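# curious how this folds, go ahead:
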Amino acid sequence: MPPPPPQANTNPGAAVSPGSEASRSPSPEVPKPLHDVQQTLLSLQNALRNLSTVAADVQPPRANDPPQGRIADKVNKVIEHLIDLDEQKNYVAQNIPKDVLDDVDNNRNPNRTAKSRLENAAVQNQFINAQMVAIRRYQALTPDTTVASKKEVIDSISNAIPLTIDASQRTELVKAILNDLSAHDGGRITTEVTLSALVALKTLGRDQAASSIIAKPDNLQLLKRYAGSDDAEVSKEALRCIANALLLVESGRNAWLTIGGGELCLDTMQRESTPVYVFLTARILFLSTVHQSDFTIKSVESLSAVSTVAKKLDSLLVSMQAGEAMSKDALTDTLKFIFNLLLQYPRMTQLDDSGNSRERKPSPIMGDLWDDKFEPNADTSIGPDINPITGVKHSESTDDILANMTEEEKEREAEKLFVLFNRMEKMGLAVNPLRKAQEEGRFEEMP
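Numbering: from 1, shown residues only. The predicted structure follows:
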């Protein structure tokens, strides 16, 4: 049992008794500097109790009291012990967590903080152990390891808690998996576990440091090969890896176009009809065409991107009505892709007066230019007489639309248009025609 706490000295002038805690000899298990601190703390505790007792004493002064008075004497004792502690701290290497001191100050059991720290350390050790186990187990695989064992090890990487694999371990695993995918049947990754390896790569690639490795041209070229696989699941997982990498690493987008990735995505979008495929290819094409590139011109002029998108929009609308999974996501990203083409292509293909040569000029604002290549084809379900952007028939007269509107309705619609054009102008997407007409003197105030 722990020794009882020291009792307050009821005699103000009495010294600490030789048998008290403050005069104990150092324990052989405790280093002398730390023991000295402990002894000083006990002496300080006793001095504070004596001070408390003297302060509460209402007896008149005695003949044997110190010259400065009993309270001042006890205060000086407390100060002496504090000075001793300040000197002794230089000889003690142990650090006490601030949380423990806060617990003591707030009359809480400091064991609570110690327990919490031990639990956190145990969890951290588990994480570190999991990191090392994942890498060691993967590196221990050989071409002769059974398919079941390979799948179990690779799947454990995909299913690992994200925090159990730090950035350095993650990048090491990404490099190892990419190297083995490159070697294919000559390495750890065989045909039977290719899909599992790509799933693990996709999971690891959700971190930017890992995606920076995936987005390198050689690795994108490798994933492009798997994206063109006859195995639909392998192809989709490869496309997911690419989409994640291009989302997180902007420099990878140009690298993807350089190796012909844009053509692969358009070809896949034309060939495949499932919303999942359309979503993945549209997402990659959207990211790849955010900035101007030669692929933008090529996709419109020679790769039939506009007609492909028009057909996919039709089929995706049907899929959405049928409640097919991923159809809404696919429609959203397909519209993002065609928006990029509508924005960039007219800016990049301004023709001179003769109409023979392409010339790069300062970028106009969206809406200033239009190209007939974005008109819908006659064989699409939209119909040749309908503007695919506004949904209005080309042959429909503006007068016919306004004929059935009251003056108040016309004014409200005009206000809405003004606000919309004003917002688009601030975003750099269009020029407000009302403001422009007013500046040019073509706008007359109504009486």
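# where does the stretch 301-447 of the chain have low pLDDT?
350-373, 375-402, 427-431, 434, 441-447 (pLDDT under 70).
# any chance you could map the helices in it?
Here the stretch 301-447 of the chain has its helices, by DSSP state H, counting those that start in this stretch, at 305-321, 327-348, 398-403, 407-426, 433-439.
# same check on the stretch 51-200 of the chain?
Under DSSP H, counting those that start in this stretch, the stretch 51-200 of the chain gives helices at 70-88, 98-105, 111-139, 147-158, 167-183, 194-204.
# out of the ones you listed, nearest to Gln270?
helix 194-204 (23.4 Å; CB to CB). (C-beta placed from N, C-alpha, C; glycine too.)
# in the helix or strand following that closest one, what's buried?
As assigned by DSSP states H and E, the chain's next helix or strand after helix 194-204 is helix 208-214. Neighbour-count burial for helix 208-214, counted by 16 or more other CB atoms under 10 Å, picks out Ala209, Ala210, Ser211, Ser212, Ile213, Ile214.
# let me know the closest of the residues you listed to Leu303.
Among the buried residues of helix 208-214, and counting by CB to CB, the member closest to Leu303 is Ile214, at 25.3 Å.
# contact partners for the closest residue to that closest one other than its chain neighbours?
Excluding its sequence neighbours, the residue lying closest to Ile214 (CB to CB, 6 or more residues apart in numbering) is Ala245, at 4.2 Å. By CB atoms under 8 Å, 6 or more residues apart in numbering, the contact list for Ala245 reads Gly205, Ser211, Ile214, Ala215, Leu220, Gly252.
# distance of the fifth one relative to Glu233?
As for Leu220, its distance to Glu233 is 20 Å (criterion: CB to CB, to the nearest Å).
# and for the first one?
Distance from Gly205 to Glu233, counting by CB to CB: 17 Å.
# so those two - more neighbours on which side?
Comparing Gly205 with Glu233 by other CB atoms under 10 Å, the one with more neighbours is Gly205, at 27 against 12.
# so that one makes contact with Ala243?
No - using CB atoms under 8 Å, Gly205 is not in contact with Ala243; the gap is 9.6 Å.
# check contacts around Pro433.
The contact partners of Pro433, by CB under 8 Å, 6+ apart, come to Phe421.
# any idea how far it is from Glu425?
Look at Pro433 and Glu425: by CB to CB, they are 10 Å apart.
# and Arg117, by the same measure?
Applying CB to CB to Arg117 and Glu425 gives a distance of 58 Å.
# these two: which is more packed in?
Neighbour count, other CB under 10 Å: between Arg117 and Glu425, Glu425 has more, with 17 against 13.
# tell me where the stretch 1-150 of the chain is predicted with low confidence.
Counting by pLDDT under 70, the ranges of the stretch 1-150 of the chain that qualify are 1-30, 58-59, 121-133.
# OK, contacts around Pro97?
Here Pro97 is in contact with Thr113, Arg117 (CB under 8 Å, 6+ apart).
# quick one, phi psi at it?
phi -60, psi 140 (degrees, to the nearest 10).
# how about Thr406?
phi -80, psi 170.
# neighbours of it, how many?
By other CB under 10 Å, neighbour count at Thr406 equals 8.
# if I pick it, what's in contact with it?
By CB under 8 Å, 6+ apart, Thr406 has no neighbours at all.
# how close does it get to Arg412?
Here Thr406 is placed at a distance of 10 Å from Arg412 (CB to CB).
# cool, Ala209 as well?
53 Å.
# one more: Gln270?
For Gln270 relative to Arg412 (CB to CB), the value is 43 Å.
# just want to know which of those two has more residues nearby.
Neighbours were tallied for Gln270 and for Arg412 using other CB under 10 Å; the higher tally belongs to Gln270 (17 against 12).
# which residue, other than its chain neighbours, is closest to that one?
Thr308 (5.0 Å).
# my guess is the one you found contacts Glu272, does it?
No - Thr308 lies out of contact with Glu272 (CB under 8 Å); the separation is 11.2 Å.
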